[in-house]
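Peer 1: I'll drop the sequence and a predicted model, then ask my questions.
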Amino acid sequence: CSNLSTDLTIGMMEAVEHLASLGHKKIGFIGEILTRSKEQLFRKALENKNIEINEDFIFDIPSRFENIGKEAGMRIAAMKERPTAIITAYDEVAIGLISTLNENSINVPDDISVIGMNDIPVAKYYSPPLTTITTRIDEKCSFAVSNIFNRIYKNNMEKIEGEIELTSHLIV
């Protein structure tokens, strides 16, 4: 059997590079227990850009999706020193975060820049449109369906085994 995945390294590096190019030095990350690998990529990307990691700007919230963003947004709103940019583990986290920041008179992107991850369809229609790291889900689905179709309907039983890895990238 094959394993189809997306390497988030390049997308995370592009996200940090983009934020740094905008002058951000106080960059945070919001995730949960299932996104620790994304947090590690975030830490590595900051180190590669020689940007200090501030543990106060890293949020590990025991919840899911937009609720993570809402909880982190409340914490950020209460902070005296806030991050100027946040990368979130999912687009839904970013949407919950942006909503809560707006409710607390913190403007995105003027006060805090936010980047999501996964490039969900609604991201481009959100206001403001969400900058996101694509995990190329459409391409993964197309590959999987094509592979199954070839095996079943074309009697092509050649196995595509091993790791098949797509590369992520930033969508501004």
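Peer 2: Now that the structure is in, tell me what you want to look at.

Peer 1: now the strands for the chain?
Peer 2: Along the chain, the segments classed as strands by DSSP state E run 2-7, 27-31, 58-60, 85-88, 113-117, 131-134, 162-167, 169-171.

Peer 1: same question for the first one, mean pLDDT?
Peer 2: Taken as a whole, strand 2-7 has a mean pLDDT of 80.

Peer 1: parallel or antiparallel, list what pairs with it.
Peer 2: strand 162-167 (parallel) (DSSP bridges).

Peer 1: now the partner strand: average pLDDT?
Peer 2: Mean pLDDT, strand 162-167: 77.

Peer 1: need the contact list for Ile98.
Peer 2: 69, 73, 108, 114, 126, 130 (C-beta atoms under 8 Å, 6 or more residues apart in numbering). Glycine gets a C-beta too; all of them are placed from N, C-alpha and C.

Peer 1: same question for Ala72.
Peer 2: By C-beta under 8 Å, 6+ apart, the neighbours of Ala72 are 30, 59, 61, 86, 93, 97, 100.

Peer 1: can you check the pLDDT for the last one?
Peer 2: So that's Thr100. Thr100 is assigned a pLDDT of 98 by the prediction.

Peer 1: right, and it touches Met74 too?
Peer 2: Yes: applying C-beta atoms under 8 Å, one finds Thr100 in contact with Met74, separated by 6.1 Å.

Peer 1: ok, these two, which is more surrounded?
Peer 2: Each of Thr100 and Met74 has its neighbours counted (other C-beta atoms under 10 Å); Thr100 has more, 20 against 14.

Peer 1: the more buried one and Thr9, how far apart?
Peer 2: 29 Å (C-beta to C-beta, to the nearest Å).

Peer 1: how much does the helix of greatest length in the chain deviate in direction from strand 2-7?
Peer 2: The longest helix of the chain (DSSP state H) is helix 137-153. Here the directions of helix 137-153 and strand 2-7 differ by 170 degrees (axes from the mean of the first three to the mean of the last three C-alpha atoms, to 10 degrees).

Peer 1: which residues of this protein score low on pLDDT?
Peer 2: For the chain, residues meeting the criterion pLDDT under 70 lie at 1-2, 151, 154-163.
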